[in-house]
Each structure stands twice: as structure tokens, then as C-alpha cells.
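Peer 1: sequence? don't have it. structure:
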């Protein structure tokens with residue numbers, strides 16, 4: 001599989017978004033672990049998670065613990081960069097809240113460290129801005145975690161260009177990733193992608209296929225992707241990921257998956273080369 005870089009770490013060009021394995025409609029653990037193992041067998045070396053990826057209030061960190069078990073039971077588990085996040089919470093009733101206070105982020109990081117069973121988290125990301133907390137204070141907590149050696153790299157998520165610039169300044173040029181929503185149906189993160197490309201910061205599109213409930217119908221909703229897919233004899237989902245990879249060398253999509261066959265299909269997108277006319281058609285669709 002082709003590789004890209006997050007900070008000084010080389011990772012696969014396609015990552016695995018593990019959230020669907022822990023929230024509503026999640027599969028049993030055996031299938032989830034089989035999916036993670038299938039990703040590793042396909043060459044995936046980046047797995048994205050968060051402490052908020054769980055269903056019930058008493059199982060915070062469900063996804064992190066699941067990933068730790070899956071990696072421990074695979075011979076290539078030690079080669080994976082696990083990217084987790086803090087600052088977003090699920091009370092257990094299906095809603096989402098935020099807490100970007102430095103106190104919460106420090107405690108959340110410690111809890112994630114324990115669940116992942118590592119001495120330092122490979123990539124720790126501030127999950128979502130908290131309007132009650134100055135953004136500089138939240139990112140300052142990441143800086144402190146970096147300096148303390150509890151995390152190896154720092155990233156942010158759901159950020160705008162001003163926040164990206166501020167975070168990089170606070171981190172002393174050590175911001176390595178930005179994780180924003182980006183898909184054929186949601187393209188408003190183009191300015192953030194372009195800024196990341198300019199700064200050499202990895203851009204990790206979340207829900208690149210449109211989200212859990214829409215990924216299967218991507219070709220129906222976006223017919224240009226279906227047309228290009230038919231011409232190449234591949235899935236519209238592969239075309240979508242190849243289109244993103246062609247946008248900039250800093251792009252590393254993290255499609256969600258809960259089945260071995262879907263992550264294998266997504267991982268194959270790195271081998272799909274689209275010509276300039278096809279890329280222009282997809283950009284304009």
C-alpha cells in the first residue's frame with residue numbers, strides 16, 4: 001500500500017475509522033476484530049478512534065479498548081499508529097456534548113493511555129472546540145501533554161483555518177494533523193485542506209464516504225462517481241477515496257468500517273489512478 005506521513009511517522013494512505021464498531025448498530029466483537037485484522041492484512045497502519053466512541057454511559061472508551069485487544073492479537077499490531085481524541089463526550093442517551101477544559105483533556109488522555117495500554121499515545125487530537133473554553137487553553141493542554149511525553153504527536157479536529165493557525169503557533173510548529181469532515185456531499189473543508197497542504201500538515205477527512213448511513217449509496221447520490229467507477233470496474237467508494245488522495249499529498253482519508261469486505265475495498269483505492277479529466281469531472285459534480 002502507498003504511504004503518507006503524519007508528522008515524522010509513515011502511515012498507509014488510507015486509514016480505518018473505527019467508530020462504527022462501537023456506536024449504534026455496532027456488530028459483535030468478533031466481527032469488529034475481524035474487520036481490524038482485515039485492515040492490517042490489507043496494509044492499513046493508521047486507525048482512528050476516540051474515547052467518545054461508545055454507546056452506553058458506562059462504557060466510555062469502548063472503541064479504544066476494542067482496538068487495543070485487536071492489535072494485541074495480530075502479528076502486525078505493533079506497526080499501527082493509533083490516533084485517538086478527547087474533548088467530545090456522549091452521556092449515553094445518544095447526544096453529544098463537549099468539554100475542552102485543560103483539566104478534562106489531561107484526565108481523558110490518562111484514561112486513553114490506560115485503555116490503549118501504551119506508554120505514550122501515538123497521535124492525540126482535540127476532538128471539537130468547546131465554546132465555553134478559549135481555544136488556546138484547550139490546545140495548550142495538548143502542548144503540555146506533548147512536553148510531558150504522554151503523547152507523541154498532537155492534532156486537532158473540526159477546526160477552521162484560524163484555529164489551525166493558532167494551534168500550530170501554540171504547539172510551536174508541532175501540529176501534525178487536522179481531522180475535518182470532507183466528502184462528495186460536504187466540501188466546505190476545502191480551505192482547511194488547502195492550508196494543511198501549504199503547511200505540510202496531514203489532513204484526515206472523516207466520513208469521507210458520506211457517513212455510516214450514506215456510504216453504501218454514494219454512487220446513487222453522486223452519479224459522476226458511479227460513472228467513473230463503472231469505467232474502471234471498481235466501486236464508487238474506491239473512486240471517492242482515490243479522488244481525495246489526488247487532491248494533495250497530505251490527505252489521508254479514514255473511512256469508517258465495521259465489515260472486513262468494506263475496509264478491504266477502501267484500502268484498494270490507493271491503487272486506483274484517475275486521469276485529469278476524471279478528476280475534473282468529480283470536482284465539478
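Peer 2: That came through, no problem. Quick caveat: nothing in here was measured; it's all calculated off a predicted structure.
Peer 1: What mean pLDDT does stretch 107-122 get?
Peer 2: What stretch 107-122 shows for mean pLDDT is 98.
Peer 1: Mind listing what's buried along that stretch?
Peer 2: By 16 or more other C-beta atoms under 10 Å, the buried positions in stretch 107-122 come out as 108, 109, 112, 113, 115, 116, 118, 121, 122. (C-beta placed from N, C-alpha, C; glycine too.)
Peer 1: Check which helix or strand the third one maps to.
Peer 2: Read it as residue 112. Assigned by DSSP states H and E, residue 112 belongs to helix 102-116.
Peer 1: other SSEs contacting that helix?
Peer 2: Helix 102-116 makes packing contacts with helix 62-72, strand 81-86, strand 123-126, helix 135-147 when contacts are defined by 3 or more C-beta pairs under 8 Å, 6 or more residues apart in numbering; DSSP states H and E.
Peer 1: want to try a markdown table for the buried residues of stretch 107-122, with distance to residue 168 as columns?
Peer 2: Below are those laid out as a markdown table (distance: C-beta to C-beta, whole Å):
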| residue | distance to residue 168 |
| --- | --- |
| 108 | 22 |
| 109 | 20 |
| 112 | 23 |
| 113 | 24 |
| 115 | 28 |
| 116 | 25 |
| 118 | 25 |
| 121 | 19 |
| 122 | 19 |
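Peer 1: circling back to that earlier point, and the angle for the helix holding residue 112 with helix 62-72?
Peer 2: 30 degrees (axes from the mean of the first three to the mean of the last three C-alpha atoms, to 10 degrees).
Peer 1: and the angle for helix 102-116 with strand 81-86?
Peer 2: Going by the same axes, to 10 degrees, helix 102-116 makes 140 degrees with strand 81-86.
Peer 1: what's the angle from helix 102-116 to helix 135-147?
Peer 2: Using the same axes, to 10 degrees: helix 102-116 against helix 135-147 is 40 degrees.
Peer 1: residue ranges of the strands in this protein, please?
Peer 2: Secondary structure of the chain, counting by DSSP state E: strands at 3-6, 9-12, 16-17, 46-48, 81-86, 88-89, 97-98, 123-126, 154-157, 175-181, 202-206.
Peer 1: Go ahead and measure how far stretch 218-231 is from the middle of the chain.
Peer 2: 24 Å (C-alpha atoms, centre = their mean, to the nearest Å).
Peer 1: Need the contact partners of it.
Peer 2: Residues from elsewhere that reach stretch 218-231 (C-beta atoms under 8 Å, 6 or more residues apart in numbering): 184-185, 209-210, 214, 235-240, 243, 274, 278, 281-282, 284-285.
Peer 1: repeat for stretch 188-203
Peer 2: So stretch 188-203 is contacted by 4-7, 155, 159-161, 164-165, 168, 175-178, 180-182, 205, 247-252 (C-beta under 8 Å, 6+ apart).
Peer 1: and with 7 Å instead?
Peer 2: Contacts to stretch 188-203, defined as C-beta atoms under 7 Å, 6 or more residues apart in numbering, come from residues 5-6, 159-161, 164, 168, 175-178, 180-182, 247-248, 250-252.
Peer 1: Just the buried subset of those residues, please.
Peer 2: With burial judged by 16+ other C-beta under 10 Å, the buried subset of these is 6, 159-160, 164, 168, 175-178, 180-182, 247, 250-252.
Peer 1: Name the nearest of those relative to residue 19.
Peer 2: Comparing those against residue 19 with C-beta to C-beta places residue 181 closest, at 12.6 Å.
Peer 1: residues touching the closest one, list them.
Peer 2: Applying C-beta under 7 Å, 6+ apart to residue 181 gives the contacts 189, 206, 207.
Peer 1: The closest residue to residue 24 other than its chain neighbours and residue 21: what is the separation?
Peer 2: Leaving aside its chain neighbours, residue 24 sits nearest to residue 55 (6.6 Å; criterion: C-beta to C-beta, 6 or more residues apart in numbering). With distances taken as C-beta to C-beta, to the nearest Å, residue 55 is found 11 Å from residue 21.
Peer 1: Many thanks, we can stop here.
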